[in-house]
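>>> Let me see the structure of the following:
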Amino acid sequence: MELRQLRYFLVVADELHFGRAAERLHITQPPLTVAVRRLERELGVQLFDRTTRRVTLTAAGQAFRERIQAAVAELDDAAGDVADIAAGRSGKIRVGFVSSASYTTVPEAIRAFRQQRPRIDLVLHPLTSGEQIEQLLDGNLDLGLIRDPGDVPGLNLELLSTEDLVVVLPEAHQLAAVQEIHPRELEGEPMILFPYRLMPGFVARVLRLFDSLPTPPIVAQQAIHQETVLGLVAAGLGISVLPESVQRFQMPGVTTRRFVGRPQTELHVARAGGSAPAVDDFVRCLRGGLP
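Numbers count the residues shown, from 1 in each chain. Purely as a prediction, here's the structure:
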């Protein structure tokens, strides 16, 4: 039994006329008649009563129609859904992002993407770079926004943006009166930083700023989220180094200052394996374009 035979049967059942059914199917009548008779032989029942003047469904034909109509429609819907997903018109994208990207890149990209692809579900996961790398390689994310990843085997990386690093200080800190800070002025300062295993590239980039100092800043406290880091700085537990976009998050008791030489941090788009149209569209939105 072929799906084509079932479609032919349903059209004849709708029209109750082989000639009109053949026209709807854009075929000639003889192959339609042959297909229906073959279906009847395979089922072992007569589906239609045929006379020279009319065609009617038998009781078996009516019952068969009721049973397969929904099934064929479901198959058609499934085929349409698969085609839409393959073309990037519907489906789901799982996106991870570091917290700093939520101040800059992510909100505008989401707005643009939803305008262009309203049938695609964006599943957003705020995660550290280390967590994203692991989930991308495990196939649990389709796309990641990772800070300073370096070279990660198994991931395709694309530089999305760069921004300055800034020193984050308690408002009462003596360096708050200075417009630009040299790394040597932070010698021996207690510092609040992300755990290395969760943000390895970013932490390494920050620590390299102080390589030449005899006494680099001391990591006095670790925190996972930027908001937590800012709260600890406001409490006077130390200084920190964060991307410049942190200035958009206004935390009382905290101020930021630029570094001399303007060292920068990089935000990358990361994905594992092949590409998909919907993922490509979202990456274009992240770059500032529209699908």
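
>>> what kind of secondary structure is A112 in?
Of the three states, A112 takes helix according to DSSP: H, G, I helix; E, B strand; the rest coil.

>>> Now for the closest residue to it other than its chain neighbours: which residues touch it?
Counting by CB to CB, 6 or more residues apart in numbering, A112 lies nearest to C285, which is 4.4 Å off, once chain neighbours are set aside. C-beta coordinates here come from the backbone N, C-alpha and C atoms, glycine included. C285 is in contact with E108, A109, I110, A112, F113, Q116, P291, counting by CB atoms under 8 Å, 6 or more residues apart in numbering.

>>> Tabulate these in TSV, adding columns for pLDDT, neighbour count and distance to R7.
What follows is the contacts of C285, written out as TSV (pLDDT from 0 to 100; neighbours: other CB atoms under 10 Å; distance: CB to CB, whole Å):
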residue	pLDDT	neighbour count	distance to R7
E108	90	12	46
A109	91	24	42
I110	90	17	41
A112	89	19	40
F113	91	23	37
Q116	85	13	34
P291	44	16	34
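
>>> which regions of the stretch 151-291 of the chain sit below the pLDDT cut-off?
289-291 (pLDDT under 70).

>>> rerun at 50
Counting by pLDDT under 50, the stretch 151-291 of the chain has low-confidence residues at 291.

>>> Run through the strands of it in chain order.
For the stretch 151-291 of the chain, strands defined by DSSP state E, counting those that start in this stretch occupy the ranges 155-170, 180-181, 190-193, 218-222, 240-243, 254-259, 264-272.

>>> Can you give me the neighbour number for the residue lying closest to Q221 once chain neighbours are set aside?
Leaving aside its sequence neighbours, Q221 sits nearest to I192 (CB to CB, 6+ apart; 4.7 Å). Neighbour count for I192, taken as other CB atoms under 10 Å: 24.

>>> Distance-wise, check I192 relative to P277.
Look at I192 and P277: by CB to CB, to the nearest Å, they are 42 Å apart.

>>> now do P107
According to CB to CB, P107 stands 23 Å off from P277.

>>> who's more crowded, those two?
Neighbour comparison, P107 and P277: the larger count goes to P277, with 16 against 11 (by other CB under 10 Å).

>>> Let me know the outermost residue of the protein.
Largest separation from the mean C-alpha position in the chain: T52, at 60.4 Å (CA atoms, centre = their mean).

>>> quick one, phi/psi of that one?
phi -70, psi -20 (degrees, to the nearest 10).

>>> And the pLDDT for it?
What the model reports for T52 is a pLDDT of 79.
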